[in-house]
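**Student:** show me how the following folds:
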Amino acid sequence: MNKLSARTVASLMRDDAKPGRHGDGGGLYLNVGPGGGRRWVFLFRWRGKLREMGLGSARSITLARARERAAEARAHVAEGVNPITAKKASQAIPEFGEFANEVIDSLAPQWRNPKHKDQWKSTLANDAAALGRLPVDRIETEDVLGVLKPIWSSKPETASRVRGRIEKVLDAAKAKGFRDGENPARWKGHLANLLPARQKLTRGHHAAMPYAELPEFSDALKGRDGVSARALEFLILTAARSGEVRGACWSEIDLEGKVWTVPAERMKAGKAHRVPLSDAALALIESLRPLSGGAPSAIIFPGYRGKPLSDMSLTAVLRRMGIPAEKASVHGFRSSFRDWAGEATAFPREVAEAALAHVVGDAVERAYRRGDALDKRRRLMEAWADYLSPSTLEKVVKIA
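**Tutor:** Residues are numbered from 1 along each chain as shown. Predicted coordinates for the structure are as follows:
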């Protein structure tokens, strides 16, 4: 059996690596899991049966260290000692950074968006770096406060996420038997008494342009060149989320029925969502067909080499148009649409909420309302497109 090299290990850490077990010799293997986990394992025979012993996450344990641990395990076997039993008897408490990576790998399969895994790793490795080398059983309230206080007021959203993720990791450590007692990152009844309450934004977490300014903005947006500008225009017309628009492909479009069906795996609620396309929205995507040829698997709004646009591409359009962050955000256009529907139209609240793919009512109410009000939403979206069109402004008659 050929030994693993550092280059081979690096290639097996990529997201496109096929699941399987890759041997280094002497019973040491790098196990690539289907959910993205990468673990070092040691295989050995004990009393005639093949046993497997975990040696730690490959994202935090180097190849050299894994070989050292495998050598220790082989020595136990040679001495007639079960290495798993020996490990449990003298198991070292893991450091926060190493254990956090193991927790993230175990949680990754439940996240629909792969970016969540990267975000968890980034916040815990960077914003919680001070905890990285501390054994999980020694982390106290002062350690957590030392991480949170510097960013609690300047970066409240980030600080809140960091706190929640630290709490999750320490809860997992307690479940594994590595620590006991109260969780020092717990908010209610603990950190809530030591840190000031976060100020809630009046408009949620995303700045939204007043809907009265949308027609003029839409007119200016139509004059911008580029796929990102067209994607932003389509996002506004459909009141969809950025990820849904950027990942849209031609197979999701029913041109005859004028419907865009976003599959469940790309929806926040995990449920497929039908979006009625106004004439304006349909004409917009039809104008982009030459970019991809309209193949079923082709992205409607292609970026570099036909791949989806980046997460910041639509925001960049706003900034190039001179719209500051405090004035408007990409996600905020959904709020603008909702305000318009509620204040300037007679469409029922349930229809507007359904257009945003929001869950409305309790379980009983939803059971009796099984449809998605597609026809009613179609009239709503046509009215929205008419409102956004500059031609609508010409129909307004001033009353003295």
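
**Student:** the strands in the chain, which residues?
**Tutor:** 20-25, 28-32, 38-46, 49-57, 202-205, 253-254, 259-262, 273-276 (DSSP state E).

**Student:** give me the below-cutoff pLDDT ranges for this structure.
**Tutor:** 1, 88-91, 112, 198-205, 359-372, 390-400 (pLDDT under 70).

**Student:** how is it carved up into domains?
**Tutor:** Domain ranges of the chain: 6-91, 97-199, 211-394, per automatic domain parsing.

**Student:** I'd like those domains as CSV, with mean neighbour count appended.
**Tutor:** (C-beta placed from N, C-alpha, C; glycine too.) Shown next, in CSV, are those (neighbours: other Cβ atoms under 10 Å):
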stretch, mean neighbour count
domain 6-91, 15
domain 97-199, 16
domain 211-394, 16
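
**Student:** in a markdown table: the strands of the chain, plus distance to residue 76.
**Tutor:** Below are these laid out as a markdown table (distance: least, Cβ to Cβ, whole Å):
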| stretch | distance to residue 76 |
| --- | --- |
| strand 20-25 | 18 |
| strand 28-32 | 14 |
| strand 38-46 | 9 |
| strand 49-57 | 10 |
| strand 202-205 | 52 |
| strand 253-254 | 61 |
| strand 259-262 | 54 |
| strand 273-276 | 55 |
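
**Student:** which of those sits closest to residue 388?
**Tutor:** Of all the strands of the chain, it is strand 273-276 that lies closest to residue 388, at 15.3 Å by Cβ to Cβ.

**Student:** the closest one pairs with which strands?
**Tutor:** Note on strand 273-276: by DSSP bridges, its sheet partners are strand 259-262 (antiparallel).

**Student:** where along the stretch 251-400 of the chain do the helices fall?
**Tutor:** Listed in chain order, the helices of the stretch 251-400 of the chain (DSSP state H, counting those that start in this stretch) span 279-287, 289-292, 313-320, 332-344, 349-355, 363-368, 374-388, 390-394.

**Student:** how about the stretch 101-250 of the chain?
**Tutor:** 115-122, 141-152, 156-175, 214-222, 227-238, 242-246.

**Student:** what packs against the fifth one?
**Tutor:** This means helix 227-238. Under the contact criterion of 3 or more Cβ pairs under 8 Å, 6 or more residues apart in numbering; DSSP states H and E, helix 227-238 touches helix 214-222, helix 242-246, helix 279-287, helix 313-320, helix 332-344, helix 374-388.

**Student:** present those as TSV; the columns should include distance to residue 299.
**Tutor:** Formatted as TSV, the helices and strands packed on helix 227-238 follow (distance: least, Cβ to Cβ, whole Å):
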stretch	distance to residue 299
helix 214-222	20
helix 242-246	8
helix 279-287	11
helix 313-320	12
helix 332-344	21
helix 374-388	22
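
**Student:** residue 41 is nearest to which of the ones you listed?
**Tutor:** Closest to residue 41 of these, according to Cβ to Cβ: helix 242-246, at 35.2 Å.

**Student:** list of residues touching the closest one?
**Tutor:** With Cβ atoms under 8 Å, 6 or more residues apart in numbering as the test, helix 242-246 has contacts from 113, 231, 234-235, 238, 262, 266-267, 273, 301, 308-309, 311, 313-314, 330-331.

**Student:** noted, bye for now.
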